[in-house]
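**Q** Coordinates for the following, if possible.
(one chain, ligands or ions: 1)
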Amino acid sequence: MTRIAVLPEGSVSHEAVDYLLGDQSCELVHYQQITEVFRSTDSGNTDYSVIPIENTIDGSVSLHMDWLVHEVDIAMQAEWIYPSIQNLIGHRKEFLDQAGQLDLSKITKVMSHPVALPQCQQFIREHMPHAELESTGSTAEAVKIVKRSPGKGWAAIGTRLGAATHDLDILAEGVTDHHNNFTRFVLIGHHPIELQRKPKGYRTSVLVTLPEDFPGALHQVLSAFAWRRLNLSRIESRPTKRQLGSYYFYIEVMESLESVLLTAAFAEIEALKCQVRILGSYPSYAYDKTLNSCDEAGKSGGVLND
Ligand SMILES: O=C(O)C(=O)Cc1ccccc1
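**A** Below is the predicted model:
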């Protein structure tokens, strides 16, 4: 059976891969840290890894992008987006006032994944301005730590599945500051994956490194796509880590590598003496909330007082 490495049970990544797979059965292998998720497919222990790479509010997940580029050589085989509708989770009875109402200002520490905390900044500032913030390897790990530490006034930001997995209370739901909050995930592996779901299109991700001392090089790279009417969905510069001021460009094109237009564009870019490294050419799946049993969208956010 296909084995897929993913962050712990109850993490956003776990919900997201469940959603992508639907009824398709695969064995999920859970790891505490994203570096272990990467290594697992790199060493052949699993066939694929689930990696969150971009978020509506926080932008690129730089650590994960850097691992994809510098630490492993594993192709992107699918991408999809999934909503991050986070919840505040804790031991409810710790935060009740004398009237039996939930008082979130009693919370002393909020723990979560570093991508989830910035998504809920305003909510945290408004309801628990004095709480300390602490990053964990995943939202699910934060829930687990809170579960094991009753009486300390700690709370976690995490998923419904995380609260259910660790049998902890949801204190407030939909606590992200912007409700149109999605995360883009990629499935990386050494072979294409057959999914039952129908893709909405194809994408190709590529790294382009410009030659030194070449005025207008980026302009010419972009022209190779533009005049062929190839749409780009993302472009980002990242340090090569070789010397200060040296960057590569991560570019996503909304086209499959089977397109002759795209291969011609890459040939043109290489003729400009740029280095082209293809990270993957893969199907892209749209989000359809009618297919999602975990979906909390549509619920009004707020503190749960009953
Ligand atoms: O920590 C998790 O649950 C993850 O899967 C990483 C993450 C965190 C926040 C938004 C999307 C993914």
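**Q** who's the nearest residue to residue 17 once chain neighbours are set aside bridged to?
**A** Nearest residue to residue 17, sequence neighbours excluded (C-beta to C-beta, 6 or more residues apart in numbering): residue 50, at 4.8 Å. Yep, even glycine has a C-beta here, placed from its N, CA and C like the rest. Under DSSP bridges, the beta-bridge partners of residue 50 are residue 187.
**Q** give me every residue that touches residue 50.
**A** 4-7, 13, 16-17, 37, 185-187 (C-beta atoms under 8 Å, 6 or more residues apart in numbering).
**Q** Same check on residue 145?
**A** Taking C-beta under 8 Å, 6+ apart, one finds 111, 136, 154, 156 in contact with residue 145.
**Q** what separates it from residue 37, distance-wise?
**A** Residue 145 sits 19 Å away from residue 37, going by C-beta to C-beta, to the nearest Å.
**Q** for residue 276, same thing?
**A** 27 Å.
**Q** The two - which one has more neighbours?
**A** More neighbours surround residue 37 than the other of residue 276 and residue 37, with 27 against 16 (other C-beta atoms under 10 Å).
**Q** Contact residues of the chain facing the ligand?
**A** Neighbours of the ligand within the chain, by C-beta under 6 Å from any ligand atom: 7, 11-13, 52, 84, 113, 115-116, 138-140, 183.
**Q** Separate out the buried members of the residues you listed.
**A** Neighbour-count burial (16 or more other C-beta atoms under 10 Å) applied to the residues of the chain next to the ligand gives 7, 11-13, 52, 84, 113, 115-116, 138-140, 183.
**Q** Which phi and psi values does residue 122 adopt?
**A** Residue 122 adopts backbone torsions of phi -70, psi -40, taken as degrees, to the nearest 10.
**Q** What sits closest to it if chain neighbours are left out?
**A** Closest to residue 122 by C-beta to C-beta, 6+ apart is residue 177, at 4.4 Å.
**Q** ok so, going back, so which of the residues of the chain next to the ligand are in strands?
**A** 52, 183 (DSSP state E).
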